[in-house]
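Q: A structural model of the following input is requested.
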Amino acid sequence: MNNIETKSVNAIRVLAADAIEKAKSGHPGMPLGSAAIAYELWAHEMKHNPKNPKWPNRDRFILSAGHGSALEYALLHLFGYGITVDDLKEFRQFGSVTPGHPEYRHTVGVEATTGPLGAGVSMAVGMAMAEAHLAATFNKEGFPVVDHYTFTLCGDGCLMEGISSEAFSLAGTLKLGKLIVLYDSNRITIEGNTDIAFREDVAKRMEAFGFQTLEVKDGNDLAEIKAAIDAAKADLSRPSFITVHTEIGYGCPAKQGKASAHGEPLGEENILEMKKNFEWPSTEPFFVPEEVYQNYAGIIADLGKAEEEWNALFKAYCETYPEMAKKWETYFDRSKLAGLIDVDSFWAVPEKDEATRASSGAAINRLKDLVPNLFGGSADLAPSNKTNMKEAGDFSAEDYLGRNIHFGIRELAMTAIGNGMMLHGGLSAYVATFFVFSDYTKPMARLSALMGMPLTYVFTHDSIGVGEDGPTHEPIEQAAMFRALPNFHLFRPADANETNLAWYAALTSESTPTALALTRQNLPQITTGRGALKGAYVLKDAAKATPDAILIATGSEVSLALQAREELLKDGIDARVVSMPCMDLFEEQDEAYKESVLPKAVRKRVAVEALSGFGWEKYVGLDGKTVCMKGFGASAPYSKLFPHFGFTVENVVKTVKELF
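A: This is a model prediction of the structure:
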């Protein structure tokens with residue numbers, strides 16, 4: 001490492017340590033230890049352009065060890081992504097662009113929101129899958145318009161979390177040669193040396209998954225790091241895993257190699273000692289020598305050349321293959337999906353009774369031709385989830401062109417991978433499992449919502465209607481869980497039409513993920529309306545101007561509410577039936593619309609849903625009631641379970657009458 005490169009690496013360390021010290025909060029150990037890895041990658045090995053951070057063929061970088069965010073912010077500053085010294089001084093402060101963990105959409109240059117350990121490497125797998133599929137779709141001989149790597153930097157914590165094993169197992173199976181994992185192996189976690197809980201041979205595990213495994217013995221040796229990355233790039237037959245041996249808190253004599261370097265500021269005296277150790281020319285916080293900035297400026301000037309070359313290649317590609325240029329626009333412009341509203345064939349509905357999972361399956365198979373970049377699959381449940389796209393091929397190591405993904409029984413990683421595919425761009429991705437197993441997806445669904453990633457979730461077997469599989473497979477509280485999640489839309493459609501509307505809402509969403517909760521059992525077609533796109537609407541109104549009561553229902557219970565209304569009329573009670581497939585969307589409507597559906601003057605309200613009643617208080621009020629589950633389900637045919645748990649016309653009528 002020559003002198004200017006030594007100073008350039010140490011600039012990353014100094015800026016990260018100073019930012020954390022000023023905030024009196026943060027994780028300095030990882031940035032100090034892995035600065036050389038990051039410098040070599042960003043300066044010499046990664047294809048990116050600070051002047052256009054979103055150009056499509058850039059290499060992707062995900063800091064999976066998101067607690068080391070000060071490292072990424074220092075890189076974004078030094079590489080000219082618009083992060084200023086003042087931004088570094090506002091690290092972890094309210095309203096700053098340098099929050100405690102990297103946040104997508106919040107900070108230019110951050111490719112994914114990371115922090116929950118293992119999430120970043122799993123999203124990286126999704127990005128590499130997206131790259132492979134898009135390359136198979138668009139590349140022509142002499143025109144590799146999709147040709148880039150996905151790099152992710154992780155630590156021991158990411159590799160202890162089970163999600164990373166799920167994701168890496170699939171990555172190895174799929175032979176994702178453009179995925180390169182850099183493992184910052186410093187052997188320290190919060191509680192001490194990793195030997196207390198983590199003694200496995202990680203490289204052998206990764207080799208078993210199907211990765212090329214490489215080793216860098218000195219994490220400060222740029223030449224050794226470069227050689228490992230070059231070897232990783234040279235083997236496109238499998239993903240690569242590079243173990244880089246580092247020292248946590250490197251350069252700080254009092255903290256180097258110690259657990260105390262992980263999650264607390266170094267302290268002013270220790271920072272002074274660190275700068276002395278680095279022979280840093282100033283003790284002033286955030287000082288970087290001009291020659292270091294000049295070195296980075298020279299690197300930045302060269303970085304733009306890769307995009308210039310790609311722009312010329314893509315221009316020639318579009319001229320040679322105008323039909324592919326048009327297809328590219330279709331894939332990468334999500335706003336065009338709004339046109340589905342005018343495609344009559346998409347809105348087809350059957351006349352016969354049908355489970356909404358089957359209605360969704362039919363919608364998917366209409367969409368596969370209307371939305372050519374629809375790409376997704378299930379956690380080994382496609383026949384049950386009805387998520388298979390017919391004659392669309394299977395995405396595999398042998399065929400990256402296939403559009404059906406077999407995620408295996410890996411719900412948690414599946415969801416993170418789905419996030420990664422959406423983050424990459426160019427795809428409309430979906431993931432699927434049983435609704436009860438959405439518990440396994442929740443942490444990554446939370447990241448979907450936090451990042452504003454409009455990933456689509458297909459959750460089937462949505463209630464006690466699962467039946468014979470019993471309470472382990474019958475979701476009760478899952479709808480309440482997702483309804484409590486900010487920026488997340490949960491649809492529970494009542495028939496095929498509402499299912500089509502749910503798919504339309506999901507695909508046209510710009511920044512909100514959408515889940516479809518779908519039945520196993522058949523439901524009648526009840527002529528629902530497009531008011532479902534507002535979350536709730538009047539499905540059947542009372543004859544009088546002010547209804548005597550309001551019945552609110554979702555999914556399979558909407559038809560039950562309609563039947564109960566007819567019985568109530570016989571007793572002189574004129575009720576309105578409101579279908580509320582998506583509480584979240586209803587809450588986004590203006591007050592006038594909400595009042596038109598649920599007028600405050602009508603206080604006699606009953607909500608009917610074969611799930612937990614938690615959350616329905618908001619709509620039924622203190623005077624209202626719910627017909628919902630109050631415990632777990634049971635094992636029996638659904639036709640026995642619904643009457644047993646009170647989901648009958650008689651019980652709904654009785655509950656309404658009790659309000660009078």
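Q: now the helices for the stretch 351-500 of the chain?
A: 356-370, 382-385, 411-424, 438-451, 478-483, 496-508 (DSSP state H, counting those that start in this stretch).
Q: winner for burial among the ones you listed?
A: By mean neighbour count, with neighbours taken as mean count of other C-beta atoms under 10 Å, helix 411-424 ranks first of the helices of the stretch 351-500 of the chain at a mean of 29. All C-beta atoms are positioned from the backbone trio N, CA, C, and that covers glycine.
Q: could you give me the average pLDDT of that one?
A: Mean pLDDT, computed over helix 411-424, is 98.
Q: for the protein, what are the low-confidence residue spans?
A: Within the chain, the stretches with pLDDT under 70 are 1.
Q: got the domain ranges for it?
A: According to automatic domain parsing, the chain comprises the domains 3-305, 334-518, 534-658.
Q: separation between Gly118 and Lys51?
A: According to C-beta to C-beta, to the nearest Å, Gly118 and Lys51 sit 33 Å apart.
Q: which of those two has more residues huddled nearby?
A: Legend: neighbour count by other C-beta atoms under 10 Å for Gly118 and Lys51, higher for Gly118 (28 against 12).
Q: ramachandran angles for the closest residue to the more buried one other than its chain neighbours?
A: Leaving aside its sequence neighbours, Gly118 sits nearest to Glu161 (C-beta to C-beta, 6 or more residues apart in numbering; 3.3 Å). Main-chain dihedrals, Glu161, degrees, to the nearest 10: phi -60, psi 140.
Q: can you count the residues close to Glu161?
A: Residues lying near Glu161 (other C-beta under 10 Å) number 19.
Q: which residues does stretch 615-633 contact?
A: Contact with stretch 615-633 is made by 464, 466, 470-471, 474, 476, 480, 483-484, 552, 557, 580, 583, 598, 603-613, 641, 645-647, 651-652, 655-656, 658-659, as judged by C-beta atoms under 8 Å, 6 or more residues apart in numbering.
Q: one step back: now tabulate the domains of the chain in JSON lines and tack on distance to Cys318.
A: Shown next, in JSON lines, are the domains of the chain (distance: least, C-beta to C-beta, whole Å):
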{"stretch": "domain 3-305", "distance to Cys318": "9"}
{"stretch": "domain 334-518", "distance to Cys318": "16"}
{"stretch": "domain 534-658", "distance to Cys318": "38"}
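Q: relative to Thr320, which of these is closest?
A: Closest to Thr320 of these, according to C-beta to C-beta: domain 3-305, at 7.1 Å.
Q: gap between the two ends of the closest one?
A: Distance across domain 3-305, first residue to last, is 26 Å (C-alpha to C-alpha, to the nearest Å).
Q: stretch 571-581 now?
A: 28 Å.
Q: what are the buried residues along it?
A: Under the neighbour-count criterion of 16 or more other C-beta atoms under 10 Å, stretch 571-581 has Ile573, Ala575, Arg576, Val577, Val578, Ser579, Met580, Pro581 buried.
Q: go on, stretch 188-197?
A: By 16+ other C-beta under 10 Å, the buried positions in stretch 188-197 come out as Ile188, Thr189, Thr194.
Q: next step: those restricted to helices.
A: Under the assignment DSSP state H, the buried residues of stretch 188-197 contribute nothing to helices.
Q: what's the closest of the residues you listed to Gly267?
A: Set against Gly267, the nearest of the buried residues of stretch 188-197 by C-beta to C-beta is Ile188 (17.9 Å).
Q: is it true that that closest one touches Lys255?
A: No. Applying C-beta atoms under 8 Å as the test, Ile188 and Lys255 come out as separate, 10.5 Å apart.
Q: which residues are common contacts for the two?
A: By C-beta under 8 Å, 6+ apart, Ile188 and Lys255 have these common neighbours: Gly29, Ile248, Ala261.
Q: Met324: which of the domains of the chain is closest?
A: Closest to Met324 of the domains of the chain is domain 3-305 (C-beta to C-beta; 6.2 Å).
Q: how far off centre is the closest one?
A: The chain centre lies 20 Å from the centre of domain 3-305; the measure is C-alpha atoms, centre = their mean, to the nearest Å.
Q: find me whatever residue is spatially closest to Met453, sequence neighbours aside.
A: Per C-beta to C-beta, 6+ apart, closest to Met453 is Met422, 4.6 Å.
Q: please tell me how far the one you found sits from Pro493.
A: Met422 is 22 Å from Pro493, where distance means C-beta to C-beta.
Q: following the chain past the lengthiest helix in the chain, name the next helix or strand.
A: For the chain, the helix with the greatest residue count under DSSP H is helix 290-320. Next along the chain after helix 290-320, taking DSSP states H and E as the criterion, comes helix 322-332.
Q: which elements pack onto that next one?
A: With contacts taken as 3 or more C-beta pairs under 8 Å, 6 or more residues apart in numbering; DSSP states H and E, helix 322-332 sits against helix 119-138, helix 290-320.
Q: deepest-packed of the ones you listed, please.
A: Compared across the helices and strands packed on helix 322-332, helix 119-138 shows the largest average neighbour count, a mean of 27 (mean count of other C-beta under 10 Å).
Q: what does the following helix or strand past that helix rub up against?
A: Sequence-wise, the next helix or strand downstream of helix 119-138 (DSSP H and E) is strand 150-154. For strand 150-154, the external contacting residues (C-beta under 8 Å, 6+ apart) are 34, 37-38, 41, 45-46, 59-65, 118, 120-121, 124, 127-128, 131, 164, 178-184.
Q: with stretch 42-49 instead?
A: Residues contacting stretch 42-49 (C-beta under 8 Å, 6+ apart): 8, 55, 57-59, 61, 75, 79, 148-149, 151, 226, 229-230, 233, 299, 303-304, 306-307.
Q: if you set the cut-off to 6 Å instead, what comes out?
A: Trp55, Arg58, Asp59, Leu75, Phe79, Ile229, Ile299, Leu303, Gly304, Ala306, Glu307 (C-beta atoms under 6 Å, 6 or more residues apart in numbering).
Q: ends of that stretch, how far apart?
A: 10 Å.
Q: list the buried residues for that stretch?
A: By neighbour count on 16+ other C-beta under 10 Å, the buried set for stretch 42-49 is Trp42, Ala43, Glu45, Met46, Lys47, His48, Asn49.
Q: export the residues you listed to CSV and tack on distance to Ala416 and secondary structure?
A: Output for the buried residues of stretch 42-49, formatted as CSV (distance: C-beta to C-beta, whole Å; DSSP: H, G, I helix; E, B strand; the rest coil):
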residue, distance to Ala416, secondary structure
Trp42, 24, helix
Ala43, 29, helix
Glu45, 25, helix
Met46, 22, coil
Lys47, 24, coil
His48, 23, coil
Asn49, 27, coil
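Q: and the furthest pair within the residues you listed?
A: For the buried residues of stretch 42-49, and using C-beta to C-beta, no pair is farther apart than Glu45 and Asn49, which are 14.6 Å apart.
Q: contacts only, for Ser612.
A: Ser612 sits next to Ile476, Glu477, Ala480, Met629 when contact means C-beta under 6 Å, 6+ apart.
Q: from Lys640, how far off is the first one?
A: Same thing as Ile476. Plainly put, Ile476 is 17 Å away from Lys640 if you go by C-beta to C-beta.
Q: what about these two, which has more around it?
A: Comparing Ile476 with Lys640 by other C-beta under 10 Å, the one with more neighbours is Ile476, at 21 against 13.
Q: quick check: phi and psi at the more buried one.
A: Here is the backbone geometry of Ile476 (degrees, to the nearest 10): phi -120, psi -60.
Q: narrow the contacts of stretch 615-633 to those in strands?
A: The strands, defined by DSSP state E, take in Ile552, Arg605, Val606, Ala607, Val608, Glu609, Ala610, Leu611, Ser612 from the contacts of stretch 615-633.
Q: tell me the one of those nearest Lys22?
A: Ser612 (46.0 Å).
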